[in-house]
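K.L.:
Sequence and computational prediction follow.
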Amino acid sequence: MIAARSHRRPDFNAAFGGTVVAMLLFAALFGPGLVHYDPLALDLMARLQGPSATHLLGADEFGRDLLSRVVHGARVSVTISVLTVCLAMAIGIVLGTVAGYAGGWIDRLAMLLNDSLLAFPGLLLALGIMAVFGASVGAIIIALGLAYVPAVVRVMRASVMSLREREFVEASRVIGNREITTMLRHVLPNCIAPLTVLATTMFGWVILSETALSFLGLGVPPPAPSWGNMLAAARPHIVQAPYLIIVPGLCVSLTLLGINMLGDALRDWLDPKMQAS
Amino acid sequence: MIRFVAGRVLWAIPTIFVVSIAVFSMMRMIPGDPAAVMLGDLATPDQVAAMRDQMGMDAPIIVQYVRWIEQIVAGDFGRSILTNDPVLPLMLERFSVSASIVVLAVLFATLIAVPAGMLAAWRQGSFVDIGTVGLATLLLSIPSFWLGLMILLVFGLYLKWFPVIGYVSFATDPWRAATFLVMPVLTLTLVEIGVIIRMARASAIEVARLEYITHARAKGLSEAAVMWRHAFKNAFAPTWTLLGLILGGLLGGIAVTETVFTLPGLGRLLVDAIYARDYPIVQGCILLISAIYVLVNLIVDLCYPFFDPRIAR
Amino acid sequence: MSNQEQPLPVLDVRNLSVEIGRTGRKVVDDLSFAIPSGEMLAVVGESGSGKTMAARSILRLLPVPLHVAPASRIFFDGDDLASASDKHMRKVRGGKIGMVFQEPMVSLNPSMTIGRQMAEAQRIHLGLGRAEIRDRSLAMLERIRIQNPEKCLAAYPHEFSGGMRQRIMLASVMLTRPRLLIADEPTTALDTLVQRDVLDLMAELTSENGTAVLLISHDLGMVSHYVKNVVVMHSGRAVETGPARNVLVSPQHSYTRRLVDALPKRTEGGARDTSADAEPLLELRDVVVDYPGRGGFFMRAEPKRVVKGVSLTINRGETLALVGGSGSGKTTLGRAIIGLVRPASGSIRYLGRELLNESAAAMRDLRKDVQIIFQDPYSSLDPRQRIGSIVGEPLLLDKEMTPPARRARVEEVFLDVGLDPDFMRRLPHQLSGGQRQRVAIARAIVRNPAFVVADEPVSALDMTVQKQILHLIRKLQAKHGFACLFVSHDLGAVEQVADRVAVMDNGNIVEIGNRDDVFDNPRNAYTKRLLDAAMLLDRKFAGAA
């Protein structure tokens, strides 16, 4: 039978998403070197000034340059997200592989712990950890990293379990490969596609959660700029200076839109069965 | 069927057990003497000693845990450090606010998004589909707190349609209470519409490819009958599971929305308690929310065979 | 049953073409055929021949980018369905034309009871009330010999086996007494015995109602037992049309000749007699295999006994065919021999060595002697590995072998299995099914094994390709002298390659013997039924061919 061809346009998704993510990474890497103002420099004369020639996007309640703060905020967000995704991936891949491969009681125990960790909605677990350790960048990475481990474990375990039953993996065993060779040569490489898709999606989740935590005052501690704490600080001035809310919010939304679209494109390319979820 | 129900319920029990251990040990992981921490900065050494005694700090850790569980089961979540009020009634009062927002938002979002996702899937590749998917992806990408702030700015501050500050409980004045809920519910509805549309559409596309849909057409059923009578129930099953996760996720992150709209909900109670290092409240809130989350997902799973009878062999 | 004069055909398809989108590419090209009332016609072809799309276009059920080309005419009782309104089509579908699908596992709605699914067409097309629908459905279920029809109405499809579902599907379609039944590979997914049942039932029900049948199939041998006329399709075109008997006995078109040629026939020269050899290569004694029951954290189901104490021997260089239906335990037994499943008890001796006592390292060492070819060449090759490296991988375990020697050996094996060595850099998805199976065979024989398990090696392939692969296995065996356990449900394939045959049913071997003895004088009742149902070509057309 001829499968109905998808009329979605992954090319558009990829082009838009790729451009936005590339811009984000560029801003995070080089942006701070390109902006004129120190994001922490106070200028009481410029307090709550709208966009102008001197402050292109305006200035905040302490007269700090908004453009400079937004760009530095990008660096903070990207750093936290990359490290968090790496942490969650590292733990999740190991646990998921072990659970999926070992089966039996090891798998059941791992799944029990995993489901228990899943029983805390992501942000709640992070809030609990922040309550214990106090707000700091390190605590955010650990908190969100742990919160997203279960998602990685699930995807990894499911992939490993379905691959384990596939005939080409059995064939590898039959030709005399050791279990570890089979895993490294045939199982793990075939997990790369779903993991890439997951890592991209997770990158978005983490940016969203980090922003939310900072918005609640439990994330990146001020005065360091982060999109979330900028929104929180701007909230009392919402009437006089709506641009203080609009600009960082647009940054977060555009970033997430780009990541989501890139994720969709990757899904279409790498893993047609996974579809949007 | 009985096997399925029993298996699922038995799985929830160890989960709750591990959750309670995690919450219990969380309080023990705070740097410093837990008794002093529980009492706050202003406690005298005598009070700390009394607290240590009350918490049974000198007993083995297992005994401490069992005592703590006994108290929780008896409904004693301790007292707030700041106000000395019992924690449970406080939480329940605040919970009613959060729960009404979350439940209404999930309900509205489902009612709008599931039909939209089905229709988009049925016209896969058309402009309707591309538009719906685009809108869903856009909604998915806007953080709830920013969307909330924009809604507050437009409908609350510029148009002045709804009150922006304060809250009245349903018991006092249901109509005014409702006006306070419109903006937060709208915010969360919009955010979740994106997620649900994408899920509903993806699973409807999966189902539309299956042979029994062609079979239904081959029987002479109208397109509407094929879609709603044959495809809907099967396509809704994955979305149904997602709804449980969304409900819990929203409850866990409800603090954000409550902060935007200054509502006295459970999330705000938790975040304020974290600021104030009011640990009995922190502990209570986290335990309550995760217990509800486990319960909701249990109920969702137990209803799943209604959509897919194969699951409960 | 009809009178002698030539009646108007029920279905008269003229110049039917099906195109893909606006590309102008055609999956069905200028197809014409007609079915008189009450008669059966088969459209036969391999995958990609366009036979399914031709059938679907009659009911306008084509998947999205496909559509019927403008010049096509589909006359049904005189009406042209190609230009009919959607509303008219809905009246025809399920009312005057019924359709039965290939996969009984996915063609009934899993979340709807059988009763409701049976009721739908009756309500729409016959306008009957609840009680009447119920009575008719019950009567029909009784008619097709379903036990406890009342319970069946309230049950969900997953509670029935594949064969049962197909009977139920057939019954529910026939409830509206259609003028025409379209059956799209209705038995391909079923066991041989069940296939026969379902087809007999179909013939019975349709002749009772005077319903004409359009049967779509890949199996020329099978349809020739049921239909009067066949249309042979190849890449979208009808290459030959005529009475089934003529097509089989004296095919005109070269493709039809290949197709007829691919039908199972006994190999010339008869089975080889290898039993004289002193020591058997492999000896199984009382092998029992259990599958662990699935259970939750607290409950554990009883293990299921799949192989119930099997003893047999395999001699050097011979082919022993292991035949049985699904669930007979034949595949599990093959996997136990190869070490993929561990038997619960019994003994498997290879050249006198007890395999079940060997250490994992010793077993790995034995791997170069004992290999397997899997059923599905689409999942037995790692999608990310180039085929040269797939075939060469077992050689990596030979630490003495230098890379140039390895390369030379891979090239040699490529030529052995009839693959172009230039293909080495390709990925599995760039090959056809037959080519993939050749790669799998190359991987199995690259280290010169003494014994190969072939687990349904051709059942996923087209008829003409099956023939080539079976021939290849036979040729390689003659050249390299490995023994083979050929696991299959397909007696036709078995007849072509086996020296000896073991018939398995419900975990036990019920009959074992030389091929010709088993095929010509079966002693066991199950073997007899299996052979009867297999409809081997040379039985009906023995004299003519």
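P.N.:
Cool, got the structure.

K.L.:
separation between C:Ser380 and A:Ala171?
P.N.:
Between C:Ser380 and A:Ala171 the computed distance is 6 Å (Cβ to Cβ, to the nearest Å). The C-beta positions use only the backbone N, C-alpha and C, and glycine is treated the same way.

K.L.:
for the nearest residue to A:Val239 once chain neighbours are set aside, helix, strand, or coil?
P.N.:
Nearest residue to A:Val239, sequence neighbours excluded (Cβ to Cβ, 6 or more residues apart in numbering or on different chains): B:Leu157, at 5.8 Å. Following DSSP: H, G, I helix; E, B strand; the rest coil, B:Leu157 is assigned to helix.

K.L.:
what about B:Leu157, how many residues close to it?
P.N.:
Here the number of neighbours of B:Leu157 (other Cβ atoms under 10 Å in any protein chain shown) works out to 12.

K.L.:
and if you look at the one 5 residues further on?
P.N.:
Residues contacting B:Phe162 under the criterion other Cβ under 10 Å number 18.

K.L.:
do C:Ile146 as well
P.N.:
C:Ile146 has 19 neighbours, counted by other Cβ under 10 Å.

K.L.:
ok, now C:Asp365?
P.N.:
C:Asp365 has 13 neighbours, counted by other Cβ under 10 Å.

K.L.:
So for the closest residue to chain A within chain C, what pLDDT did the model give?
P.N.:
Nearest residue of chain C to chain A: C:Arg367, at 3.2 Å (Cβ to the nearest Cβ). pLDDT recorded at C:Arg367 is 82.

K.L.:
just to revisit the earlier point, tell me which residues touch the residue nearest to A:Val239, please.
P.N.:
By Cβ atoms under 8 Å, 6 or more residues apart in numbering or on different chains, the contact list for B:Leu157 reads A:238-239, B:164.

K.L.:
same deal with C:Leu138?
P.N.:
Contacts for C:Leu138 were tallied using Cβ under 8 Å, 6+ apart; they are C:149-150, C:153.

K.L.:
Tell me the confidence at it?
P.N.:
pLDDT, C:Leu138: 92.

K.L.:
Equivalent analysis for C:Leu537, please.
P.N.:
In this prediction, C:Leu537 carries a pLDDT score of 49.

K.L.:
returning to that earlier point: need the residues touching each of C:Ser380 and A:Ala171.
P.N.:
Jointly contacting C:Ser380 and A:Ala171 under the rule Cβ under 8 Å, 6+ apart are C:374, C:440.

K.L.:
still on that earlier bit, show me the contacts for the residue nearest to the residue of chain C closest to chain A when sequence neighbours are not counted.
P.N.:
Leaving out its chain neighbours, the residue that sits closest to C:Arg367 by Cβ to Cβ, 6+ apart is A:Gly176, at 3.2 Å. Contacts for A:Gly176 were tallied using Cβ under 8 Å, 6+ apart; they are C:364-365, C:367-368, C:394, C:397.

K.L.:
Look up how far A:Ser77 lies from the nearest residue in space to A:Pro222 that is not next to it in sequence.
P.N.:
Closest residue to A:Pro222 apart from its sequence neighbours, by Cβ to Cβ, 6+ apart: A:Asn229 at 5.4 Å. Look at A:Asn229 and A:Ser77: by Cβ to Cβ, they are 11 Å apart.

K.L.:
again with B:Gln47
P.N.:
Relative to A:Ser77, and taking Cβ to Cβ, B:Gln47 is found at 43 Å.

K.L.:
more crowded one of the two?
P.N.:
When B:Gln47 and A:Ser77 are compared for neighbours, A:Ser77 comes out ahead with 27 against 14, by other Cβ under 10 Å.

K.L.:
Packing partners of the helix or strand containing the more buried one?
P.N.:
Here A:Ser77 sits within helix A:66-102, counting by DSSP states H and E. Taking 3 or more Cβ pairs under 8 Å, 6 or more residues apart in numbering or on different chains; DSSP states H and E as contact, the helices and strands that helix A:66-102 lies on are helix A:10-34, helix A:104-118, helix A:137-165, helix A:192-215, helix A:227-234, helix A:243-270.
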